[in-house]
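J.: Quick one, structure for this:
(one chain, ligands or ions: 3)
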Amino acid sequence: MPLRIPPEGTGPPASPPTHDGRFASLSLDLLCIIDEDDAIIQTNRVWLDALGYPTEELGSSLFIDLCWTEDRLAVADALAQLDAGTPSVRFDCRLIGRDGEQHWYAWQITRDPQNGLGYGIGRDISVQKHTEQMLAYQTHYDVVTGLPNRYLFHNRLDQEVIAARAAADSFALCVIDLDRFNQINDALGHAIGDEVLAFVALRLRSLVGSHALLARMGGDEFTLILRQIQSPEEAIARAGRILAVLEQPFPVRGQELFISASIGVSLFPRDGQDAMTLLKHADSAMYRVKATGRSEVGIFEPSIGAAARWRLDIEQQMRRALSLDQFELHFQPLLDLPSRKVVAVESLIRWRHPDQGVIMPGDFISVAEETNLIEHLFSWGLVEACRRAVVWQRAGRRPLRMAVNISARQFERADLVERVAEALLVSGLDPRWLELEITESMLMRDPEGSAVRIRRLHVLGVRVAIDDFGTGYSSLAYLQRFPVERLKIDRSFIWALGSEPDPESSAAALLRAITAMAHSLRLKIVAEGVESAGQHQFLAGLRCDEVQGFFYARPTSADALWDVIAKIEGS
Ligand code: C2E
Ligand code: MG
Ligand code: MG
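T.: Ligands and ions are numbered 1, 2, ... in the order given. Model prediction:
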């Protein structure tokens, strides 16, 4: 007997307003009718295809009996709401297939008050759930080293403080920062840089054991907790051993690489009663070491505040640099993958220091983030990037999308949209050529406020891309709340593929899942950090939309850009 779909108005609409408005295709959905006791009285063929149940076999099984045990409570709650008169309920649950496997579905069940029957539509969300689970791992762990990341570390440090307080124990917190690591990156490439980071993690891990709390905070910075430390001297001695171990040469691709590190230490409870304070103090001890010559251990000393002075110094230097025009923008092409044409450039800031040469954003943004200066700098960068785009267009170049990074501080400003509008106005750039890159963690800090801001930018005609996607993740479906155009997958995901990607690897599976999900959400995917032909081929196979990376071009000066583009496009 064919399944009867009630006419509009009396039952569920034929094309259901699903959780998020996608996958509206009925033919792949499970359909069922349940009676007043929530027993299944009819199903469609998809039950057979997807779960292995012919209609006869389901007989009058209770809906809940087909649900995975852990989900039954939530399903019972939803069905109880139906019984209590709620016209329609939605829930996600796993159904048990005939093979005993679990399959995720998003259900909408609508009760017809006339006949008491419930009409259910279940949409397969297994891929989404799987992707979310894989991404949940990446929310807490660093892909390059496999160590806990910043978020997980903060969490664990809080627990550590509570436990130590309860046991009247003390511990040392070490912030370990590699010295001049960007030189390794610059000279040997980021792939080798990442390999070195993985080696460092391994060496630290084997020194401190698997129970020690060790994390990668980002970049070249690691944190470590040394438990049951009784005195500052003991902390310094143990941290000194870490330094010694790191100074042993690293065998990387047939070469011996030497690195050194600067370690800052703070002690609980001596230097702080909570995680934040301890971290701040270990950090400032580390900065002091850096300022006074690197490759040493420094313990927090409240009176000195040298770190503060160092920050002040860089602030003053940056202030001078701004007035002396020492900042400049470099541009890195983004290619449309199928046609291999350059369709956009990302503007990346550089500081041309008279003594230190070119300083990369990673080396001054984090230090200067706490000052107002960074705002001046980025506002300058925004206007300058728009201006540059207009200069090219007026010179008869074909228009390119100009992608500009927005810092957390800029994004949080109440007048962000006005600032952007002003930059467009003073430069004369048509808004459709501007795209702002906002990181996922910035969105998630204040989701409601972010949604409002992004909508306003959208109204202005400016596009928005989510940068470094996958590093500050909460939920893929969540991103639908924001009218964004593009996801830029964080380059750590591309790095994880290796230079010759194995399609069977978990990194490949994860990328495949992210791309499929993003496309189903009608988002374009940009892969950044593409460094090899193998990665390019793999991404082409995934139907990734755009690509960016050293394989095509490094960020280049404005003057050199069009020659670089001509070279990439082979004309
Ligand atoms: P991002 O927005 O994720 O920028 C991409 C970074 O990846 C750039 O680093 C770029 O040089 C690097 N990159 C590009 N292709 C490859 C590749 O194939 N392999 C590897 N390993 N790296 C690649 P960069 O220029 O050091 O910038 C770092 C970050 O600093 C940017 O990350 C962005 O968050 C921030 N930043 C740079 N310029 C600005 C700016 O004008 N305003 C703001 N707010 N932030 C900026
Ligand atoms: Mg970016
Ligand atoms: Mg990025």
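
J.: Identify each buried residue in stretch 532-539, please.
T.: Neighbour-count burial for stretch 532-539, counted by 16 or more other CB atoms under 10 Å, picks out 532, 534, 535, 536, 538, 539. For glycine as for every other residue, the C-beta is placed from the backbone atoms N, C-alpha and C.

J.: Run the chain-centre distance for it.
T.: 21 Å (CA atoms, centre = their mean, to the nearest Å).

J.: And for stretch 93-100?
T.: Worked out by CA atoms, centre = their mean, stretch 93-100 lies 32 Å from the chain centre.

J.: Show the average pLDDT along it.
T.: Taken as a whole, stretch 93-100 has an average pLDDT of 92.

J.: Please enumerate residues in contact with it?
T.: Residues from elsewhere that reach stretch 93-100 (CB atoms under 8 Å, 6 or more residues apart in numbering): 30, 50-53, 66-68, 70-71, 74-75, 102-105, 107, 122.

J.: With stretch 156-167 instead?
T.: Contacts for stretch 156-167 (CB under 8 Å, 6+ apart): 148, 169-171, 173, 213, 215, 223, 225, 268-269, 273-275, 278-279.

J.: before we move on, back to that, would you turn the buried residues of stretch 532-539 into CSV with pLDDT, distance to residue 142 and secondary structure?
T.: Shown next, in CSV, are these (pLDDT from 0 to 100; distance: CB to CB, whole Å; DSSP: H, G, I helix; E, B strand; the rest coil):
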residue, pLDDT, distance to residue 142, secondary structure
532, 95, 22, coil
534, 96, 23, helix
535, 96, 20, helix
536, 97, 25, helix
538, 97, 22, helix
539, 97, 22, helix
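
J.: per-residue confidence at the closest residue to residue 258 other than its chain neighbours?
T.: Once flanking residues are discounted, residue 258 sits nearest to residue 249: 5.5 Å by CB to CB, 6 or more residues apart in numbering. Residue 249 is assigned a predicted lDDT (pLDDT) of 88.

J.: how about the residues of the stretch 351-500 of the chain near ligand 2?
T.: Neighbours of ligand 2 within the stretch 351-500 of the chain, by CB under 5 Å from the ion: 405, 437, 467.

J.: Apply 8 Å and report the result again.
T.: When proximity is defined as CB under 8 Å from the ion, the stretch 351-500 of the chain approaches ligand 2 at 403, 405, 437, 465, 467, 468, 488.

J.: which of those residues count as buried?
T.: Counted by 16+ other CB under 10 Å, these give 403, 405, 437, 465, 467, 468, 488 as buried.

J.: Which single residue of the stretch 101-250 of the chain ends up nearest ligand 2?
T.: residue 190 (14.8 Å; CB to the ion).

J.: Do I have it right that that residue meets residue 529?
T.: Yes. Contact criterion CB atoms under 8 Å: residue 190 and residue 529 qualify, at 7.3 Å.

J.: quick one on the thing from earlier: count of neighbours near the residue nearest to residue 258?
T.: When neighbours are defined as other CB atoms under 10 Å, residue 249 has 10 of them.

J.: Same check on residue 150?
T.: Quick note: residue 150 (other CB under 10 Å) scores 18 neighbours.

J.: Give me the domain ranges for this protein.
T.: Per automatic domain parsing, the structural domains of the chain span 30-130, 141-300, 322-570.

J.: now the first one, how far from the chain's geometric center?
T.: Same thing as domain 30-130. 34 Å.

J.: Give me the distance between the two termini of it.
T.: End-to-end distance of domain 30-130 (CA to CA, to the nearest Å): 19 Å.

J.: Check stretch 352-365 too.
T.: 14 Å.

J.: List the contacts of it.
T.: 182, 219, 314, 317-318, 321, 326-328, 348-351, 374, 407.

J.: repeat that for 6 Å
T.: Stretch 352-365 has contacts (CB atoms under 6 Å, 6 or more residues apart in numbering) with 182, 326, 349, 350, 351.

J.: Ok, stretch 125-134 next?
T.: By CB under 6 Å, 6+ apart, stretch 125-134 touches 103, 104, 106, 510, 513, 517.

J.: Among these, name the ones in strands.
T.: Among the contacts of stretch 125-134, the members falling in strands (DSSP state E) are 103, 104, 106.

J.: who wins for neighbours among those?
T.: residue 106 (22 neighbours).

J.: Next to ligand 1 in this structure, residues from the stretch 351-500 of the chain, please.
T.: 360-362, 365, 378, 381, 405-407, 437, 467-468, 491 (CB under 6 Å from any ligand atom).

J.: change it to 8 Å
T.: Residues of the stretch 351-500 of the chain lying close to ligand 1 (CB under 8 Å from any ligand atom) are 360-362, 365, 377-378, 381-382, 385, 404-407, 410, 437, 439, 467-468, 488, 490-491, 494-495.

J.: coming back round to it: what about burial for the contacts of stretch 93-100, which qualify?
T.: Counted by 16+ other CB under 10 Å, those give 30, 50-51, 53, 66-67, 71, 75, 102-105, 107, 122 as buried.

J.: and stretch 379-389 with ligand 3, contact?
T.: No. Applying CB under 8 Å from the ion, one finds stretch 379-389 separated from ligand 3 by no less than 15.5 Å.

J.: residues in contact with that stretch?
T.: 329, 347, 349, 402, 404, 423, 427, 429, 433, 558.

J.: isn't there a strand covering the second one?
T.: Yes. Following the definition DSSP: H, G, I helix; E, B strand; the rest coil, residue 347 is counted among the residues of a strand.

J.: Now do the contacts for it.
T.: Counting by CB under 6 Å, 6+ apart, residue 347 has contacts 329, 331, 385, 404.

J.: Can you dump the C-alpha atoms of the one helix or strand the third one maps to in PDB for me?
T.: To tie it back to what came earlier, the one meant is residue 385. Under the criterion of DSSP states H and E, residue 385 resides in helix 373-394. Extracted C-alpha coordinates of helix 373-394, given in PDB (Å, rounded to 0.1, in the frame of the first residue of the first chain):
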ATOM      1  CA  LEU A 373      47.400  50.400  17.700                       C
ATOM      2  CA  ILE A 374      46.500  47.100  16.100                       C
ATOM      3  CA  GLU A 375      43.200  48.700  15.200                       C
ATOM      4  CA  HIS A 376      44.800  51.600  13.500                       C
ATOM      5  CA  LEU A 377      47.000  49.200  11.700                       C
ATOM      6  CA  PHE A 378      44.200  47.000  10.500                       C
ATOM      7  CA  SER A 379      42.000  49.900   9.500                       C
ATOM      8  CA  TRP A 380      44.900  51.200   7.500                       C
ATOM      9  CA  GLY A 381      45.200  47.700   6.000                       C
ATOM     10  CA  LEU A 382      41.600  47.600   5.000                       C
ATOM     11  CA  VAL A 383      41.600  51.000   3.300                       C
ATOM     12  CA  GLU A 384      44.900  50.200   1.600                       C
ATOM     13  CA  ALA A 385      43.700  46.900   0.300                       C
ATOM     14  CA  CYS A 386      40.500  48.500  -1.100                       C
ATOM     15  CA  ARG A 387      42.600  51.300  -2.700                       C
ATOM     16  CA  ARG A 388      44.900  48.800  -4.300                       C
ATOM     17  CA  ALA A 389      42.000  46.900  -5.800                       C
ATOM     18  CA  VAL A 390      40.700  50.100  -7.300                       C
ATOM     19  CA  VAL A 391      44.100  51.100  -8.700                       C
ATOM     20  CA  TRP A 392      44.300  47.800 -10.500                       C
ATOM     21  CA  GLN A 393      40.800  48.100 -11.900                       C
ATOM     22  CA  ARG A 394      41.400  51.600 -13.100                       C
END
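
J.: What is the distance between it and the centre of its chain?
T.: The answer for helix 373-394 is 26 Å, by CA atoms, centre = their mean.
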